[in-house]
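Enquirer: Fold the following, please.
(chains A and B)
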2 protein chains.
Amino acid sequence: MRCVARLIEVTDPEDPAVDDFRDLTTADRRPDRPGGRGLVIGEGRLVVERLLDSPYPLRGLLGERRRLDALADSLEHLDVPAYVVTPDVLAKIVGFHLNRGVLAVADRPPEPDPVRLIESSRRLAVLEGVVDHENLGAMFRNAAGLGLDGVLLGKGCSDPLYRRSVRVSMGHVLRVPFARLNEWPQDLELLGAAGFRVAALAPRPDAVPVGRAGLSRGRVAVLMGSEGPGLSEGALRAADLTVGIPMARGVDSLNVAASAAIVFHAMSEESLG
Amino acid sequence: MRCVARLIEVTDPEDPAVDDFRDLTTADRRPDRPGGRGLVIGEGRLVVERLLDSPYPLRGLLGERRRLDALADSLEHLDVPAYVVTPDVLAKIVGFHLNRGVLAVADRPPEPDPVRLIESSRRLAVLEGVVDHENLGAMFRNAAGLGLDGVLLGKGCSDPLYRRSVRVSMGHVLRVPFARLNEWPQDLELLGAAGFRVAALAPRPDAVPVGRAGLSRGRVAVLMGSEGPGLSEGALRAADLTVGIPMARGVDSLNVAASAAIVFHAMSEESLG
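Expert: Below is the predicted model:
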């Protein structure tokens, strides 16, 4: 028998010990947490493992016994409670049937200082108005896979640590550092000051095709807006150049995460190839 | 007062006239339609307009009056019923609250012959085992935006006309021609016979980086599998070359639609740029 965290059986769905995991569909609105945004939840083995690997302060786990057993190697020497439940009790606690069968919960760590993130990076994405949690999660997954060093969140972006973003990112939102730019768009000047070229992605006739903009050279930050409104005038003015994705006639735009994949690939292909 | 299709008010949610729109969450399993796959449903103004523009035989519309009014230009001279309902009756008919407020329904047209689609195309995507309806829809949106001529569906792909795929594709699944390859992987020989180079996307150490594989030259078909299992051995053997997306260390894979965006861009950037 291996020592796996502290296994604690829970049979009563009302047990206060599992309050961190209660009613997950509304937990992001919990007012009792710093910033009112609730805890960071990882769902399913893959994402739970990424949460365990991350710098996020782990609070505990909840899952079916066989799912926790499958995580035994990662759980060894962890001094947190791991609550063992049946699928039925699990569904009652979280508020829906969870077929991934295991969850972990962590506290939000302090967000890094944007200046420090900029200084330590070569390739960054800067987002404005990306509200959709799935798109945001998908962009973090692309950023991780395509070797970006971090993400800066400008005005109007959602919380990347929202449960759905974490899930869609496959947990990569926990590995790609991000920071907020509070003065918008003035804080974009921090990038130029650190020697970054800032490339705004926008469907303009004078935009340089993304494959010919030399994005793989030097320090580059790509500035992306959301699908509908795109980037604000202020953000566009703060950029050094505008890049575009060549599109077929009669098609208005790609999904923002698909666009991000194309641009991040153009930024990184030389160094990863 | 303009003549807009045939406006018919419906106040009884049980009215058989609107049966095409009933219980949309289960309609895809309707056994009374050819192939048992139900009708093609477009939701929301944008997708409805794309359905009206498409070669799909339109059967009718259903929506709130202001939503149908907003479509007046597109509906002129159309000889199909347009059922006017309140939001409440609409929800009762379709089985959930639909905040897009308008739907159109069409019959499935006969699928094109793959040989003819191959002959008339220069850039094709060939999919194997893409089951997820959202990924499939997202891939069609990417194919439309990045100028592919068509999609060939190999073994194990879902139906691109499933309601969720239509929605995620933003209706582009109705504009990008697709055909099925029934003998798999033997039918891939049709591509070589038509002068196509077939490039398989696979994370292999000997894969050519996608940006350096000359995918924008000549007739090219890119062969893509699903995220987990990837391409089968038979499909990989049928390809002329293997291409890969350079990835960061420790990240297993991108989402299949994100990968498609990167590859389709590499195929088309020269001609659309």
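Enquirer: Next, A:G60: secondary structure please.
Expert: Classification of A:G60 by DSSP: H, G, I helix; E, B strand; the rest coil places it in strand.
Enquirer: Bridge partners for it, pull those for me.
Expert: Note on A:G60: beta-bridge partners by DSSP bridges are A:V105.
Enquirer: And the closest residue to chain B within the stretch 1-150 of chain A, what's its pLDDT?
Expert: Here the residue of the stretch 1-150 of chain A nearest chain B is A:G147; by CB to the nearest CB that distance is 3.9 Å. Using the backbone N, CA and C atoms, a C-beta is placed for each residue, glycine as well. A:G147 is assigned a pLDDT of 95 by the prediction.
Enquirer: pretty sure it belongs to a helix, no?
Expert: No: A:G147 is assigned coil when assessed by three-state DSSP, not a helix.
Enquirer: Tell me where the stretch 51-200 of chain A has helices.
Expert: For the stretch 51-200 of chain A, the helices defined by DSSP state H, counting those that start in this stretch cover A:65-70, A:72-75, A:87-94, A:114-119, A:133-145, A:163-168, A:189-193.
Enquirer: Flag every buried residue along the second one.
Expert: Using 16 or more other CB atoms under 10 Å in any protein chain shown as the test for burial, helix A:72-75 gives A:74-75.
Enquirer: Show me what that helix is packed against.
Expert: Helix A:72-75 is packed against helix A:44-53, with contacts defined by 3 or more CB pairs under 8 Å, 6 or more residues apart in numbering or on different chains; DSSP states H and E.
Enquirer: before we move on, what about the longest one?
Expert: Applying 3+ CB pairs under 8 Å, 6+ apart, one finds that helix A:133-145 makes contact with strand A:123-127, strand A:150-153, helix A:163-168, helix A:256-272, helix B:256-272.
Enquirer: what angle sits between the fourth one and strand A:123-127?
Expert: Between helix A:256-272 and strand A:123-127, the angle formed by their directions is 170 degrees, by axes from the mean of the first three to the mean of the last three CA atoms, to 10 degrees.
Enquirer: Next, the buried residues of helix A:256-272.
Expert: Neighbour counts over helix A:256-272 (16+ other CB under 10 Å) mark A:256-269, A:272 as buried.
Enquirer: Please apply the same query to stretch A:171-189.
Expert: Residues of stretch A:171-189 classed as buried under the neighbour-count rule (16+ other CB under 10 Å) are A:171-179, A:181, A:184-185, A:187-188.
Enquirer: what does stretch A:105-112 give?
Expert: By neighbour count on 16+ other CB under 10 Å, the buried set for stretch A:105-112 is A:105-106, A:108.
Enquirer: got it, and stretch A:74-86?
Expert: Buried residues in stretch A:74-86, counting neighbours by 16+ other CB under 10 Å, are found at A:74-75, A:78, A:80-85.
Enquirer: Likewise for stretch A:125-140?
Expert: Across stretch A:125-140, burial judged by 16+ other CB under 10 Å covers A:125-130, A:132-140.
Enquirer: How about stretch A:150-167?
Expert: Applying 16+ other CB under 10 Å to stretch A:150-167 flags A:150-155, A:157-167 as buried.
Enquirer: For chain B, tell me whether that stretch is touching it.
Expert: No: counting by CB under 8 Å from any CB of the partner chain, chain B has no neighbours in stretch A:150-167; the shortest distance is 12.4 Å.
Enquirer: From the chain's centroid, how far away is that stretch?
Expert: The chain centre lies 5 Å from the centre of stretch A:150-167; the measure is CA atoms, centre = their mean, to the nearest Å.
Enquirer: residues from the stretch 51-200 of chain A in reach of chain B?
Expert: Residues of the stretch 51-200 of chain A lying near chain B (CB under 8 Å from any CB): A:138, A:141-142, A:144-147, A:172.
Enquirer: per-domain residue ranges of chain A.
Expert: Domain assignment for chain A by automatic domain parsing gives A:6-106, A:114-272.
Enquirer: Compare the mean pLDDT across those domains and name the weakest.
Expert: domain A:6-106 (a mean of 89).
Enquirer: Let's check: the centremost residue of chain A is which one?
Expert: Nearest to the geometric centre of chain A sits A:V173, at 2.8 Å (CA atoms, centre = their mean).
Enquirer: and that residue, what does it touch?
Expert: For A:V173, the residues meeting the contact criterion (CB atoms under 8 Å, 6 or more residues apart in numbering or on different chains) are A:136-137, A:140-141, A:160-161, A:165-166.
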